[in-house]
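In: Need a 3D model of the following:
(one chain, ligands or ions: 1)
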Amino acid sequence: MISKNEARKILDYDIVDILDLLKKINIQRSSHEITYSKNVFLPLTHICQNNCGYCTFKQTPEDASYILMNEDETKNLLTQAQKYNCTEALYTFGENADTNNYVKAKLDEYGYETMVDYLYHLCEVTLNKYNILPHTNMGIIDYDDLYKLSQVNASMGLMLETTNRKLLKTIVHKDSPGKDPKKRLNYIENAGKLNIPFTTGLLLGIGESKDDHIDSLFEIRKLQDKYGHIQEIILQNFKPKKGIAMEDHPEPEIVDLIKIVIVAKLLFNDVSIQIPPNLNRQLLPIFITTGADDVGGISPVTEDFVNPDAPWPEINEIQKQVESLNYTLKERLPVYDKYIDRKYLSKKVYDKALKLQKKI
Ligand code: SF4
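Out: Okay, here's the model as predicted:
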């Protein structure tokens, strides 16, 4: 493990120092496996209480193509996913959507009071009828709701994004109360108290500083030291897109991304570092060499609704890139192997995870 000072210094290294460090990292590396999961993306609603400056996912009730996916639509996607042997149902959607009257009316029509109640039911259906495990990221919910969903999920997630609170006053997060870093760290801590295998991460290049990168990683490290529930850290680079509020905001420099991946791996030898391959198609081999060891969920069924301009690369294409570096691409479940344990999973989820672990 490196200290905060050492980590911060690496972010200012020049390229020669970086290459030297890389050699050491790759000698230390215990596994030459790069993992991924096969998922289906289930964006139950695009309605969200927040308005992030980089968002391409949120829709207003007036322009939304749908308000709330119904059970049949969800099952249709799950059925397709099963045909492709997907093992992860990724339930990701807008935060506090049920405070919106249109969503409330739909929930009422379907016979549910809250998004958590509806989602709980859909996760149960997923577990009971499909060889697929739910993974939920629905923004911040309270402790009791988190406990309830932990009983029907194999893992859950929430990006920390950054610990920089100043962004709450800028175009990035000024209309996004759910993006308050204190609330997000508290949520990740609650997941730790409940032993939920957890995915978090940083959004890079939205106006934060190098010091913020280090602070953010060290805050996650503190929670991991206390609870041990963090299974992966996503390092997601901001990409400007037409029509978003931050359309003209520059992308982060590649060399800075490389350094952050290195620091993250040095700091988290016990956690997978994930780079989304659809945002980094050509650069994936570089990020693997610098410490990334997971490429996240890849969907043969649905597009990445959060980054619709970035199609998922075929699994075969990633496999070629990975093998060219003498690494092996290995499928995993949404819950990492070391968390397939009754300490972390309800009986129902544990039994299914064990069964699926033998199949992949
Ligand atoms: S929380 Fe997510 S869906 Fe909501 S506005 Fe922000 S990026 Fe978009």
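
In: Just list the residues touching Gln224, thanks.
Out: Ile230, Phe268, Asp270, Val271 (Cβ atoms under 8 Å, 6 or more residues apart in numbering). Where C-beta positions appear, they are placed from N, C-alpha and C, glycine not excepted.

In: Relative to Leu185, which of those residues is nearest.
Out: Ile230 (12.1 Å; Cβ to Cβ).

In: Helix, strand, or coil at the closest residue to that closest one other than its chain neighbours?
Out: Leaving aside its chain neighbours, Ile230 sits nearest to Gln224 (4.5 Å; criterion: Cβ to Cβ, 6 or more residues apart in numbering). Three-state call for Gln224 (DSSP: H, G, I helix; E, B strand; the rest coil): helix.

In: On the pLDDT front, check Gln224 for me.
Out: On the pLDDT scale, Gln224 is placed at 98.

In: quick one: it and the ligand, what's the gap?
Out: Separation of Gln224 from the ligand (Cβ to the nearest ligand atom, to the nearest Å): 24 Å.

In: before we move on, what about Gln274?
Out: In terms of Cβ to the nearest ligand atom, Gln274 sits 18 Å off from the ligand.

In: for that residue, what are its contacts?
Out: Thr199, Gly201, Glu232, Ile233, Ile234, Leu235, Ala292, Asp293, Asp294, Val295, Gly296.

In: want to try JSON lines for these, with pLDDT as columns?
Out: Below are these laid out as JSON lines (pLDDT from 0 to 100):
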{"residue": "Thr199", "pLDDT": "98"}
{"residue": "Gly201", "pLDDT": "98"}
{"residue": "Glu232", "pLDDT": "98"}
{"residue": "Ile233", "pLDDT": "98"}
{"residue": "Ile234", "pLDDT": "98"}
{"residue": "Leu235", "pLDDT": "97"}
{"residue": "Ala292", "pLDDT": "94"}
{"residue": "Asp293", "pLDDT": "93"}
{"residue": "Asp294", "pLDDT": "96"}
{"residue": "Val295", "pLDDT": "94"}
{"residue": "Gly296", "pLDDT": "93"}
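
In: Just the ones in strands from those residues, please.
Out: Thr199, Gly201, Glu232, Ile233, Ile234, Leu235, Asp294, Val295, Gly296 (DSSP state E).

In: And these, which of them are buried?
Out: Thr199, Gly201, Glu232, Ile233, Ile234, Leu235, Asp294, Val295, Gly296 (16 or more other Cβ atoms under 10 Å).

In: circling back: closest to Lys182 out of the ones in strands among the contacts of Gln274?
Out: Gly201 (17.5 Å).

In: So the closest one sits against Ile230, correct?
Out: No. Counting by Cβ atoms under 8 Å, Gly201 stays clear of Ile230, with 9.8 Å between them.

In: quick one: which of the ones in strands among the contacts of Gln274 is nearest to Val172?
Out: Gly201 (16.1 Å).

In: ok, what's across the strand from the nearest residue to that closest one once chain neighbours are set aside?
Out: Excluding the flanking residues, the one nearest Gly201 by Cβ to Cβ, 6+ apart is Ile234, at 3.0 Å. On the basis of DSSP bridges, Ile234 is bridged to Gly201, Gln274.

In: ok, now how distant is Ile234 from the ligand?
Out: From Ile234 to the ligand the distance is 14 Å (Cβ to the nearest ligand atom).

In: I'd like the distance between the closest residue to Glu323 other than its chain neighbours and the ligand.
Out: Nearest residue to Glu323 in three dimensions, chain neighbours excluded: Leu329, at 7.2 Å (Cβ to Cβ, 6+ apart). Using Cβ to the nearest ligand atom, Leu329 is found at 29 Å from the ligand.

In: before we move on, what about Asn195?
Out: In terms of Cβ to the nearest ligand atom, Asn195 sits 25 Å off from the ligand.

In: so what's the backbone phi/psi at the closest residue in space to that residue that isn't next to it in sequence?
Out: Nearest residue to Asn195, sequence neighbours excluded (Cβ to Cβ, 6+ apart): Tyr344, at 5.0 Å. Geometry field for Tyr344 lists phi and psi as phi -110, psi -20, criterion degrees, to the nearest 10.

In: residue contacts, Tyr344?
Out: Asn195, Ile196, Pro197, His229, Val335.

In: between those residues, which is closest to the ligand?
Out: Ile196 (19.8 Å; Cβ to the nearest ligand atom).

In: measure that closest one to Asp225 for me?
Out: 17 Å (Cβ to Cβ, to the nearest Å).

In: quick one, which of those two is more surrounded?
Out: Neighbour count, other Cβ atoms under 10 Å: between Ile196 and Asp225, Ile196 has more, with 27 against 11.

In: Contact partners for that one?
Out: Leu146, Ser150, Asn153, Ser155, Met156, His229, Tyr344.

In: now, the most widely separated pair of these?
Out: Longest span within the contacts of Ile196, Cβ to Cβ: Leu146 and Tyr344, 13.9 Å.

In: contacting residues for the residue nearest to Glu323?
Out: Glu33, Ile34, Thr35, Tyr36, Val295, Ile315, Ile318, Gln319, Val322, Glu323.

In: switch to 10 Å and redo it
Out: 33-36, 295, 315-316, 318-323 (Cβ atoms under 10 Å, 6 or more residues apart in numbering).

In: Now intersect the residues you listed with the helices, please.
Out: Judged by DSSP state H, helices contain the following of the contacts of Leu329: Ile315, Asn316, Ile318, Gln319, Lys320, Gln321, Val322, Glu323.
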